[in-house]
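**Q** Pasting the sequence and the predicted coordinates here, then a few questions.
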Amino acid sequence: MKQTHPVVIIGAGPIGLAAAAHLLERNQEVRVLEAGTGPGAAMQAWGHIRLFSTWRYNIDAAARRLLETPGDGYAGDWEAPRETKLPTGAQMIGDYLRPLAEHPGMAPHISYGHRVLLVTRVQADGRSADKTRSAGRDDALFLVRTATARGIEDIMARAVIDASGTWGNPNPVGRSGIEAIGEAAARASGSITAPLPDPLGSDLGHFAGKRILVLGAGHSAANTLISLGRLRQKHPETTVLWGLRGPANPVKLYGGGAADQLPARGQLGTSLRRFVENGDITILENLAVTSLEQADGLSVNLADGRSLVVDLVVPATGFRPNLAMLSELRLDLEAIVEAPRALGPLIDPEFHSCGTVSAHGERVLAHPEPGFYIVGMKSYGRAPTFLMATGYEQVRSIAAALAGDRAAADNVALQLPETGVCSTDLGGSCDTPVPAEAAAGCGTPETESGSCCDTPEPLALGFATGTRHGHAELVGTREE
């Protein structure tokens with residue numbers, strides 16, 4: 001009876017749809033639950049941002065095969081974008097995710113407007129199998145409770161893959177992992193903005209001429225700061241402050257530069273350094289925010305007694321997984337970053353900031369709850385710098401395991417580009433030479449505008465971002 005139920009996938013972002021493609025290729029029954037109205041719902045929030053990984057790394061193999069396969073009136077004439085180009089979030093949706101979701105082999109399996117609230121287990125005869133019940137648990141079904149326009153709906157599944165991402169669950173602005181006093185009110189008033197605003201586009205009027213504090217030291221902060229640096233050059237009355245929770249360490253702030261095997265990611269740090277050195281961005285160190293008060297502007301009060309008055313705070317402080325909806329499942333999470341126990345030590349940002357990790361699949365991602373997996377950005381818990389290619393290998397392995405192909409599940413392989421810098425050892429394995437193509441020329445991937453030597457627009461992480469579920473919704477750009 002269990003095999004008659006589908007594998008439920010939470011989220012129709014890049015990793016969720018890739019999981020569906022691999023399972024469908026293996027003739028497994030699949031149902032994708034997406035809280036938004038279309039695929040890649042979270043990406044729509046940062047569609048103006050250009051990824052720093054090219055199309056080469058951003059298209060899953062099984063998804064590509066499906067898109068190139070005719071069927072049910074579909075000609076199979078999808079044309080893959082040029083591998084050397086850097087897509088924006090909007091282009092990822094328009095040129096890849098939407099065609100994939102609309103393919104006749106995929107579309108019937110996706111349910112939009114289904115926000116997952118809770119996941120638990122029940123016996124096949126309907127008896128309880130909550131977290132405390134062990135008898136017959138391995139054979140129990142999953143119950144996935146969703147909120148829809150028609151009301152609450154319970155969906156039964158033989159396995160569940162959580163690819164919901166982390167976008168809707170941002171880290172707080174306050175110190176020590178908790179909200180600052182007054183933070184909720186500041187968010188409600190708009191004084192705290194979205195994590196990836198568009199200061200040069202739709203948000204121009206909201207940012208020009210303002211005093212802006214960007215909190216964070218990762219790639220989302222860099223994207224926003226570069227945009228604000230350009231904004232200040234056009235509107236010099238704008239003040240851009242870059243708030244760091246610790247001291248200003250140039251290695252961590254600017255990354256590997258020319259040594260980065262993703263040239264666009266290296267260029268991100270290089271561009272940011274230029275704006276700082278030109279005086280368009282002012283760095284403020286050791287900001288531990290205790291409270292926020294709305295007066296004539298927003299007063300940002302710090303643990304050391306300092307106080308800053310700004311108009312806007314951009315919270316580029318990262319995200320964390322929403323685990324509340326999984327409270328009735330038996331999870332085995334590493335205590336520090338809240339990733340699967342075997343994966344956690346490999347990605348702990350205190351010791352590892354290279355943006356790469358050994359290839360891993362179903363065995364590393366498995367939990368004591370048989371048939372349940374967290375994948376994609378959410379599988380990294382609170383750790384940053386997740387690349388989509390990692391997630392594609394994760395779900396390929398899991399799909400093989402669910403289809404009974406243990407050999408394929410265990411045969412994991414992945415090559416990821418290094419960042420050119422480690423947080424703990426500049427002479428370590430991540431301190432790589434300049435790629436050959438960079439030595440011969442500029443080494444910068446193509447943007448939509450032309451040659452490799454064109455300066456790209458602001459660049460984002462080439463990682464997956466999930467979709468809207470649990471508290472609010474998907475993504476994931478991640479910061480330290």
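**A** In hand now; what should we look at? Here the structure is a predicted model, which is why all the values come from computation and not from measurement.
**Q** Residue 40: what's it in contact with?
**A** 12-14, 89, 92-93, 97-98, 465, 467 (Cβ atoms under 8 Å, 6 or more residues apart in numbering). All C-beta spots, glycine's among them, are computed from the backbone N, C-alpha and C.
**Q** tell me which element it falls in.
**A** For residue 40, there is no helix or strand it lies in under DSSP states H and E.
**Q** again with residue 21
**A** Using DSSP H and E, residue 21 falls in helix 14-25.
**Q** Could you list every helix and strand in contact with that helix?
**A** Contacting helix 14-25 under the criterion 3 or more Cβ pairs under 8 Å, 6 or more residues apart in numbering; DSSP states H and E are the following elements: strand 7-10, strand 30-34, helix 61-67, helix 98-102, helix 388-402.
**Q** Is it possible to get JSON lines of the contacts of residue 40 that adds neighbour count, pLDDT and distance to residue 387?
**A** Compiled in JSON lines, the contacts of residue 40 are given as follows (neighbours: other Cβ atoms under 10 Å; pLDDT from 0 to 100; distance: Cβ to Cβ, whole Å):
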{"residue": "12", "neighbour count": "33", "pLDDT": "98", "distance to residue 387": "19"}
{"residue": "13", "neighbour count": "34", "pLDDT": "97", "distance to residue 387": "14"}
{"residue": "14", "neighbour count": "33", "pLDDT": "97", "distance to residue 387": "11"}
{"residue": "89", "neighbour count": "24", "pLDDT": "94", "distance to residue 387": "15"}
{"residue": "92", "neighbour count": "27", "pLDDT": "97", "distance to residue 387": "14"}
{"residue": "93", "neighbour count": "23", "pLDDT": "97", "distance to residue 387": "18"}
{"residue": "97", "neighbour count": "23", "pLDDT": "98", "distance to residue 387": "17"}
{"residue": "98", "neighbour count": "14", "pLDDT": "97", "distance to residue 387": "22"}
{"residue": "465", "neighbour count": "33", "pLDDT": "37", "distance to residue 387": "12"}
{"residue": "467", "neighbour count": "36", "pLDDT": "37", "distance to residue 387": "18"}
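**Q** quick one: which of the residues you listed is nearest residue 158?
**A** Checking the contacts of residue 40 against residue 158 by Cβ to Cβ gives residue 12 as the nearest, at 19.7 Å.
**Q** you'd agree that closest one is up against residue 110?
**A** Yes: in terms of Cβ atoms under 8 Å, residue 12 counts as a neighbour of residue 110; the distance is 5.7 Å.
**Q** Sketch out the low-pLDDT regions of the protein for me.
**A** Counting by pLDDT under 70, the chain shows low-confidence ranges at 1-2, 250-253, 255-266, 350-356, 415-480.
**Q** Grab the nearest non-local neighbour of residue 291.
**A** residue 181 (3.9 Å; Cβ to Cβ, 6 or more residues apart in numbering).
**Q** no, scratch that, I was asking about residue 78
**A** By the measure of Cβ to Cβ, 6+ apart, the closest residue to residue 78 outside its immediate chain neighbours is residue 67, 4.1 Å from it.
**Q** Tell me how many other residues surround that neighbour.
**A** Neighbourhood size, residue 67 [other Cβ atoms under 10 Å]: 22.
**Q** can you list the domains in this structure?
**A** 2-168+319-430, 175-315 (automatic domain parsing).
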